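have a look; sequence and predicted model below, questions after that.
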Amino acid sequence: MIDLEEKRVVIERFFKDTGSSYDEVVDRFTFGIDRRWKRKMLSRIPTPEKALDLACGTGILTFSIKEKFPNCKITGVDITEGYLKIAREKSSALNMQDITFVHSSAEDFLTTEFYNLIISCYLPKYADIPRLIHQLSQMLASDGIILLHDFTYPSSKILQLIFELYFKCAQAIGSWVYPEWKEVLQELPGVIRKTTWVDEVTTAMAAEGLSDIQVESFTLQGSALVSAKKSA
(Lines give C-alpha, C1' and ligand atoms only; values in the text may rest on other atoms or scores of the structure.)
Protein backbone atom coordinates (compact mmCIF):
# COMPACT_ATOMS: atom_id res chain seq x y z
CA MET A 1 0.00 0.00 0.00
CA ILE A 2 1.18 3.55 -0.78
CA ASP A 3 -0.24 6.45 1.22
CA LEU A 4 -1.59 9.54 -0.54
CA GLU A 5 1.29 11.79 0.51
CA GLU A 6 3.79 9.39 -1.02
CA LYS A 7 1.70 9.21 -4.19
CA ARG A 8 1.68 13.02 -4.50
CA VAL A 9 5.47 13.13 -4.14
CA VAL A 10 5.82 10.45 -6.80
CA ILE A 11 3.58 12.34 -9.23
CA GLU A 12 5.51 15.57 -8.75
CA ARG A 13 8.86 13.88 -9.37
CA PHE A 14 7.72 11.68 -12.24
CA PHE A 15 5.95 14.23 -14.38
CA LYS A 16 7.71 17.54 -13.75
CA ASP A 17 9.91 17.54 -16.87
CA THR A 18 8.63 14.66 -19.00
CA GLY A 19 5.74 16.22 -20.93
CA SER A 20 7.58 16.95 -24.17
CA SER A 21 8.56 13.29 -24.68
CA TYR A 22 5.55 11.64 -23.04
CA ASP A 23 3.66 10.61 -26.19
CA GLU A 24 6.77 9.10 -27.77
CA VAL A 25 7.89 7.29 -24.62
CA VAL A 26 4.47 5.77 -23.92
CA ASP A 27 4.20 4.47 -27.46
CA ARG A 28 7.73 3.14 -27.70
CA PHE A 29 8.01 1.56 -24.28
CA THR A 30 4.68 -0.24 -24.58
CA PHE A 31 5.60 -1.32 -28.15
CA GLY A 32 2.42 0.38 -29.33
CA ILE A 33 0.28 -1.66 -26.93
CA ASP A 34 -0.90 1.54 -25.23
CA ARG A 35 -2.75 2.38 -28.45
CA ARG A 36 -4.34 -1.08 -28.45
CA TRP A 37 -5.45 -0.67 -24.82
CA LYS A 38 -7.06 2.66 -25.63
CA ARG A 39 -8.85 1.17 -28.65
CA LYS A 40 -10.24 -1.56 -26.39
CA MET A 41 -11.50 1.07 -23.99
CA LEU A 42 -13.14 3.06 -26.77
CA SER A 43 -14.79 -0.08 -28.14
CA ARG A 44 -16.69 -0.41 -24.86
CA ILE A 45 -18.15 3.10 -24.95
CA PRO A 46 -21.67 3.89 -26.16
CA THR A 47 -21.89 7.29 -27.86
CA PRO A 48 -21.46 9.89 -25.06
CA GLU A 49 -22.75 13.46 -25.06
CA LYS A 50 -20.31 14.58 -22.37
CA ALA A 51 -17.09 12.89 -21.30
CA LEU A 52 -14.63 13.48 -18.48
CA ASP A 53 -11.03 12.35 -19.05
CA LEU A 54 -9.12 12.30 -15.76
CA ALA A 55 -5.33 12.46 -15.68
CA CYS A 56 -5.63 13.38 -19.35
CA GLY A 57 -1.95 14.29 -19.62
CA THR A 58 -1.08 15.50 -23.11
CA GLY A 59 -4.52 14.48 -24.40
CA ILE A 60 -3.80 11.17 -26.12
CA LEU A 61 -7.02 9.57 -24.94
CA THR A 62 -8.95 12.85 -25.02
CA PHE A 63 -8.35 13.32 -28.72
CA SER A 64 -9.03 9.66 -29.47
CA ILE A 65 -12.47 10.05 -27.86
CA LYS A 66 -13.11 13.19 -29.89
CA GLU A 67 -12.09 11.53 -33.14
CA LYS A 68 -14.47 8.62 -32.54
CA PHE A 69 -17.28 10.75 -31.12
CA PRO A 70 -16.94 14.18 -32.79
CA ASN A 71 -20.12 15.58 -31.20
CA CYS A 72 -19.00 14.74 -27.67
CA LYS A 73 -18.12 17.58 -25.31
CA ILE A 74 -15.00 16.62 -23.36
CA THR A 75 -13.36 17.91 -20.20
CA GLY A 76 -9.76 16.87 -19.63
CA VAL A 77 -8.35 17.16 -16.11
CA ASP A 78 -4.72 16.85 -15.05
CA ILE A 79 -2.61 17.80 -12.06
CA THR A 80 0.47 18.67 -14.15
CA GLU A 81 0.31 22.08 -15.80
CA GLY A 82 3.12 21.29 -18.23
CA TYR A 83 1.18 18.38 -19.68
CA LEU A 84 -1.97 20.50 -19.99
CA LYS A 85 -0.02 23.17 -21.88
CA ILE A 86 0.94 20.55 -24.46
CA ALA A 87 -2.66 19.24 -24.62
CA ARG A 88 -4.01 22.75 -25.24
CA GLU A 89 -1.42 23.37 -27.97
CA LYS A 90 -2.34 20.09 -29.65
CA SER A 91 -6.04 20.89 -29.40
CA SER A 92 -5.49 24.27 -31.04
CA ALA A 93 -3.33 22.78 -33.80
CA LEU A 94 -5.96 20.11 -34.50
CA ASN A 95 -8.75 22.70 -34.32
CA MET A 96 -10.63 20.49 -31.88
CA GLN A 97 -13.92 22.00 -30.69
CA ASP A 98 -15.77 21.47 -27.38
CA ILE A 99 -12.70 20.33 -25.44
CA THR A 100 -11.85 22.04 -22.16
CA PHE A 101 -8.72 21.35 -20.13
CA VAL A 102 -8.70 21.94 -16.36
CA HIS A 103 -5.74 22.03 -13.98
CA SER A 104 -6.73 19.99 -10.92
CA SER A 105 -6.06 16.76 -9.09
CA ALA A 106 -8.57 14.10 -9.99
CA GLU A 107 -9.79 13.81 -6.39
CA ASP A 108 -10.38 17.56 -6.06
CA PHE A 109 -12.25 18.02 -9.33
CA LEU A 110 -15.99 18.43 -8.87
CA THR A 111 -18.54 20.19 -11.04
CA THR A 112 -22.31 20.41 -11.38
CA GLU A 113 -21.99 18.90 -14.86
CA PHE A 114 -23.11 15.31 -15.40
CA TYR A 115 -21.04 13.06 -17.65
CA ASN A 116 -22.20 10.04 -19.65
CA LEU A 117 -18.60 8.83 -19.66
CA ILE A 118 -15.85 9.16 -17.06
CA ILE A 119 -12.61 7.61 -18.20
CA SER A 120 -8.95 7.50 -17.23
CA CYS A 121 -5.66 5.82 -18.07
CA TYR A 122 -2.84 5.40 -15.56
CA LEU A 123 -4.50 7.36 -12.73
CA PRO A 124 -5.72 4.79 -10.14
CA LYS A 125 -2.33 3.73 -8.78
CA TYR A 126 -1.68 7.35 -7.74
CA ALA A 127 -5.16 8.20 -6.45
CA ASP A 128 -7.03 8.38 -3.18
CA ILE A 129 -9.47 5.75 -4.43
CA PRO A 130 -12.42 6.12 -2.01
CA ARG A 131 -12.44 9.90 -2.41
CA LEU A 132 -12.01 9.68 -6.18
CA ILE A 133 -14.85 7.22 -6.72
CA HIS A 134 -17.13 9.23 -4.42
CA GLN A 135 -16.51 12.37 -6.48
CA LEU A 136 -16.99 10.56 -9.76
CA SER A 137 -20.24 8.95 -8.67
CA GLN A 138 -21.65 12.43 -8.03
CA MET A 139 -20.80 13.57 -11.57
CA LEU A 140 -21.83 10.41 -13.40
CA ALA A 141 -25.12 10.70 -15.27
CA SER A 142 -27.81 8.04 -14.98
CA ASP A 143 -26.84 5.10 -17.20
CA GLY A 144 -23.36 6.65 -17.47
CA ILE A 145 -20.22 4.51 -17.32
CA ILE A 146 -16.82 4.74 -15.64
CA LEU A 147 -13.75 3.14 -17.23
CA LEU A 148 -10.49 3.12 -15.27
CA HIS A 149 -7.33 1.58 -16.70
CA ASP A 150 -3.87 1.21 -15.23
CA PHE A 151 -0.85 -1.07 -14.88
CA THR A 152 -1.04 -4.13 -12.66
CA TYR A 153 1.54 -6.48 -11.20
CA PRO A 154 0.99 -10.01 -12.53
CA SER A 155 -0.12 -12.73 -10.13
CA SER A 156 1.60 -15.45 -12.18
CA LYS A 157 5.23 -16.12 -11.20
CA ILE A 158 6.25 -16.56 -14.83
CA LEU A 159 4.60 -13.28 -15.82
CA GLN A 160 6.26 -11.58 -12.85
CA LEU A 161 9.63 -12.65 -14.26
CA ILE A 162 8.68 -11.18 -17.64
CA PHE A 163 7.60 -7.96 -15.88
CA GLU A 164 10.93 -7.69 -14.06
CA LEU A 165 12.97 -8.45 -17.18
CA TYR A 166 11.01 -5.90 -19.21
CA PHE A 167 11.68 -3.12 -16.72
CA LYS A 168 15.37 -3.98 -16.43
CA CYS A 169 15.66 -3.59 -20.20
CA ALA A 170 13.53 -0.45 -20.20
CA GLN A 171 15.64 1.09 -17.45
CA ALA A 172 18.89 0.37 -19.24
CA ILE A 173 17.75 1.64 -22.62
CA GLY A 174 15.38 4.38 -21.50
CA SER A 175 17.79 6.06 -19.11
CA TRP A 176 20.21 6.49 -22.00
CA VAL A 177 17.78 7.55 -24.75
CA TYR A 178 15.42 9.55 -22.53
CA PRO A 179 17.43 10.76 -19.50
CA GLU A 180 14.48 12.80 -18.22
CA TRP A 181 12.64 9.50 -17.73
CA LYS A 182 15.40 7.79 -15.72
CA GLU A 183 13.74 8.29 -12.33
CA VAL A 184 10.33 7.21 -13.63
CA LEU A 185 11.70 4.01 -15.12
CA GLN A 186 13.64 3.25 -11.96
CA GLU A 187 10.72 3.76 -9.56
CA LEU A 188 7.60 2.88 -11.56
CA PRO A 189 8.01 -0.92 -11.11
CA GLY A 190 7.95 -0.45 -7.32
CA VAL A 191 4.77 1.62 -7.53
CA ILE A 192 3.11 -1.05 -9.64
CA ARG A 193 4.20 -3.86 -7.30
CA LYS A 194 2.73 -2.05 -4.28
CA THR A 195 -0.57 -0.85 -5.68
CA THR A 196 -3.81 -2.64 -4.94
CA TRP A 197 -5.87 -0.27 -7.04
CA VAL A 198 -8.12 -2.88 -8.68
CA ASP A 199 -9.44 -4.18 -5.36
CA GLU A 200 -9.71 -0.66 -3.96
CA VAL A 201 -11.65 0.60 -6.99
CA THR A 202 -14.12 -2.28 -7.11
CA THR A 203 -14.75 -1.97 -3.36
CA ALA A 204 -15.29 1.78 -3.62
CA MET A 205 -17.58 1.41 -6.64
CA ALA A 206 -19.75 -1.08 -4.77
CA ALA A 207 -19.86 1.23 -1.74
CA GLU A 208 -21.12 4.07 -3.96
CA GLY A 209 -23.89 1.89 -5.34
CA LEU A 210 -22.49 1.58 -8.84
CA SER A 211 -23.57 -1.51 -10.77
CA ASP A 212 -22.27 -3.92 -13.41
CA ILE A 213 -18.73 -3.71 -11.98
CA GLN A 214 -16.33 -5.64 -14.19
CA VAL A 215 -12.59 -6.25 -14.24
CA GLU A 216 -10.74 -7.19 -17.43
CA SER A 217 -7.04 -8.05 -17.54
CA PHE A 218 -4.95 -7.02 -20.55
CA THR A 219 -1.67 -8.24 -22.05
CA LEU A 220 -0.01 -10.83 -19.83
CA GLN A 221 -1.69 -9.37 -16.72
CA GLY A 222 0.25 -6.16 -17.33
CA SER A 223 -2.76 -3.88 -16.97
CA ALA A 224 -6.42 -3.98 -16.10
CA LEU A 225 -9.63 -2.19 -16.99
CA VAL A 226 -12.31 -1.70 -14.34
CA SER A 227 -15.72 -0.55 -15.49
CA ALA A 228 -19.00 0.27 -13.76
CA LYS A 229 -22.36 1.79 -14.52
CA LYS A 230 -24.72 4.12 -12.69
CA SER A 231 -28.19 2.70 -12.84
CA ALA A 232 -31.05 5.04 -13.79
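Received, thanks. Because the structure is predicted, anything quoted here is derived from the model rather than measured.

which element is residue 215 on?
In the assignment (DSSP states H and E), residue 215 maps to strand 211-218.

helices or strands up against that strand?
Secondary structure elements in contact with strand 211-218, counted by 3 or more Cβ pairs under 8 Å, 6 or more residues apart in numbering; DSSP states H and E, are helix 197-207, strand 223-229. All C-beta spots, glycine's among them, are computed from the backbone N, C-alpha and C.

can you give me the helices in this protein?
4-15, 22-29, 33-43, 60-68, 81-94, 129-139, 157-177, 182-194, 197-207 (DSSP state H).

quick one: contacts for the residue nearest to residue 205 when sequence neighbours are not counted?
The spatially closest residue to residue 205, leaving aside those adjacent along the chain, is residue 228, at 4.6 Å (Cβ to Cβ, 6 or more residues apart in numbering). Under the criterion of Cβ atoms under 8 Å, 6 or more residues apart in numbering, the contact partners of residue 228 comprise 145-146, 205, 210-214.

which secondary structure element of the chain has the lowest mean pLDDT?
Each helix and strand of the chain was given a mean pLDDT (mean pLDDT, DSSP states H and E); the minimum falls on helix 4-15 at a mean of 69.

in the strand holding residue 215, what counts as buried?
Of the residues in strand 211-218, those scored as buried under the neighbour-count criterion (16 or more other Cβ atoms under 10 Å) are 213, 218.

surely residue 118 meets residue 138?
No. Assessed by Cβ atoms under 8 Å, residue 118 is found out of contact with residue 138, at 10.6 Å.

more neighbours: which of these two?
Regarding residue 118 and residue 138, a neighbour count based on other Cβ atoms under 10 Å identifies residue 118 as having more, with 27 against 12.

residues near residue 25, how many?
Per other Cβ under 10 Å, the neighbour tally for residue 25 reads 20.

any idea how far it is from residue 74?
24 Å (Cβ to Cβ, to the nearest Å).

mind listing what the strand holding residue 215 pairs with, with the direction of each?
On the basis of DSSP bridges, the sheet neighbours of strand 211-218 come out as strand 223-229 (antiparallel).

and the contacts of whichever strand in the chain runs longest?
With DSSP state E applied, the strand covering the greatest number of residues in the chain is identified as strand 140-151. Judged by Cβ under 8 Å, 6+ apart, the contacts made with strand 140-151 from elsewhere in the structure are 37, 41, 44-46, 48, 50, 114-125, 136, 188, 192, 195, 197, 201, 205, 210, 218, 222-232.

so how far is it off the chain centroid?
For strand 140-151, the gap between its own C-alpha mean and the chain's C-alpha mean amounts to 11 Å (Cα atoms, centre = their mean, to the nearest Å).

and for stretch 219-232?
Mean-position distance between stretch 219-232 and its chain equals 12 Å (Cα atoms, centre = their mean).

so which bits of that stretch are buried?
Buried residues in stretch 219-232, counting neighbours by 16+ other Cβ under 10 Å, are found at 221-230.
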